[in-house]
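Asker: mind looking at a prediction? Sequence and model below.
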Amino acid sequence: MKWFHHQLILHHGVMLANEPLKQSERRVLNSLLTQKTEQEIAKEHGLTQATIHTYCTRIYRKFNVRGRSGLTALWLGEIPSA
């Protein structure tokens, strides 16, 4: 149950994020945790690649990580160093 709550909190950008995620960012977040490219994510969501890249950048900033690997590590329970 603890793992579930951790995932739920992360999904909404609570506690670990500098500010809450917007609904559009939450939709993209799950795709970021896969092997899909930004282009594939854009196609899946019916958005441009530039829009997806903007969402990705915002998500990384809000979670204070440098990219997908940092986001994945955070998602798996590792706290990034400042």
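Answerer: Nice, I can see it.
Asker: worst mean pLDDT across the helices and strands of the protein, which element?
Answerer: helix 2-11 (a mean of 64; mean pLDDT, DSSP states H and E).
Asker: state which helix of this structure is the longest.
Answerer: helix 49-62 (DSSP state H).
Asker: give me the residues contacting that helix.
Answerer: 13, 17-19, 21, 24-25, 28-29, 32, 38-39, 41-42, 45, 66-67, 70-71 (C-beta atoms under 8 Å, 6 or more residues apart in numbering). Heads up, the C-betas are built off the backbone N, CA and C, glycines and all.
Asker: what average pLDDT does stretch 75-82 get?
Answerer: Mean pLDDT, stretch 75-82: 64.
Asker: coming back round to it: which positions in whichever helix or strand comes after the least confident helix or strand of the chain come out as buried?
Answerer: Next along the chain after helix 2-11, taking DSSP states H and E as the criterion, comes helix 23-32. By 16 or more other C-beta atoms under 10 Å, the buried positions in helix 23-32 come out as 25, 28-29, 31-32.
Asker: what's the spacing between the spatially most central residue of the chain and T51?
Answerer: Ranked by distance to the mean C-alpha position of the chain (C-alpha atoms, centre = their mean), the top residue is L29 at 3.6 Å. Note on L29: its distance to T51, by C-beta to C-beta, to the nearest Å, is 14 Å.
Asker: and what of E25?
Answerer: Using C-beta to C-beta, E25 is found at 11 Å from T51.
Asker: please name the nearest non-neighbouring residue to I41.
Answerer: S31 (4.4 Å; C-beta to C-beta, 6 or more residues apart in numbering).
Asker: list the contacts for the one you found?
Answerer: Counting by C-beta under 8 Å, 6+ apart, S31 has contacts 41, 44-45.
Asker: now with 10 Å, please.
Answerer: By C-beta atoms under 10 Å, 6 or more residues apart in numbering, S31 lies in contact with 37-38, 40-42, 44-45, 52, 55-56.
Asker: just the buried members of these?
Answerer: Buried members of those, scored by 16+ other C-beta under 10 Å, are 38, 41-42, 52, 55-56.
Asker: neighbours of the residue lying closest to L29 once chain neighbours are set aside, how many?
Answerer: If the residues on either side of it in the chain are set aside, L29 comes closest to I59, at 6.0 Å by C-beta to C-beta, 6+ apart. I59 has 21 neighbours, counted by other C-beta atoms under 10 Å.
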